[in-house]
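> sequence first, then the predicted structure:
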Amino acid sequence: MPIKLKSKSPRQAVVPAGLIDRRIYQIRDRRIMLDSDLADLYRVPTKAFNQAVQRNLDRFPEDFMFQLSQEESEILRSQSVTSSWGGRRYLPLAFTEHGVAMLSSVLRSKRAVQMNILIVRAFIRMRDMLASHKALATRIQKLEVAQQRHTSVINILAEEIEEMKRLPEPAKRRIGFKAT
């Protein structure tokens, strides 16, 4: 379902619902977005986007933004079937959720403000999904433990039944009176 951005202009921007979610990656145990993806969402050239960030580096400490290593960049490129990165001279910049929020103070267009709101909501949605997945994983783990206990009890019962089958049958006694 497309998300309409509020705008005072007659042309409203439309963003497909999953477009932002697909551009959030997991690197160094952090969820991040790449500079090129953000620039694309803000509809500015990556070079101009990075120049605005470079002019305001004091707003982006390492926990808000960092540069990918060559290896990380290649791993991300190999995961993306259709790479739109093209030839880059510099390694991509990665922005955490806090870095994306800080971008609103650097990029002041209406489009940037609207996209920041959508992107922060996408990060929150992902955090909520992760929390629900952790709760589900805990429940599954408890079920597996209970299932293993039940399996061990069933195995013990099956072994006892097999042992009972192997025991010799007791001598059959005749029922009734014996004539002597």
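Noted; the coordinates are in hand.
> please count neighbours and contacts with C-alpha atoms only from this point.
Noted.
> residue 65 against residue 96, yeah?
Yes. If you go by CA atoms under 8 Å, residue 65 and residue 96 touch, sitting 6.1 Å apart.
> what are the ranges of the strands in the protein?
Using DSSP state E, the strands of the chain run over 3-4, 14-15, 25-27, 30-34, 65-67, 93-95.
> looking at the ones you listed, which is buried most?
strand 93-95 (a mean of 23; mean count of other CA atoms under 10 Å).
> give me the contacts around stretch 95-108.
Contacts with stretch 95-108, where a contact means CA atoms under 8 Å, 6 or more residues apart in numbering, come from 30-35, 52-53, 56, 59-60, 63-66, 112-113, 116, 119-120, 123.
> dump the residue contacts of the closest residue to residue 111 other than its chain neighbours.
Counting by CA to CA, 6 or more residues apart in numbering, residue 111 lies nearest to residue 42, which is 6.2 Å off, once chain neighbours are set aside. By CA under 8 Å, 6+ apart, residue 42 lies in contact with 111, 112, 115.
> helices of the chain, residue ranges please.
Secondary structure of the chain, counting by DSSP state H: helices at 17-21, 35-42, 46-55, 70-79, 97-106, 110-166.
> same list, these, but as CSV with distance to residue 88 and mean pLDDT please.
CSV is the format used below for the helices of the chain (distance: least, CA to CA, whole Å; pLDDT from 0 to 100):
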stretch, distance to residue 88, mean pLDDT
helix 17-21, 22, 75
helix 35-42, 10, 89
helix 46-55, 10, 90
helix 70-79, 11, 80
helix 97-106, 22, 84
helix 110-166, 24, 83
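> can you redo the ones you listed as a markdown table with distance to residue 179?
Below are the helices of the chain laid out as a markdown table (distance: least, CA to CA, whole Å):
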| stretch | distance to residue 179 |
| --- | --- |
| helix 17-21 | 93 |
| helix 35-42 | 103 |
| helix 46-55 | 111 |
| helix 70-79 | 92 |
| helix 97-106 | 99 |
| helix 110-166 | 35 |
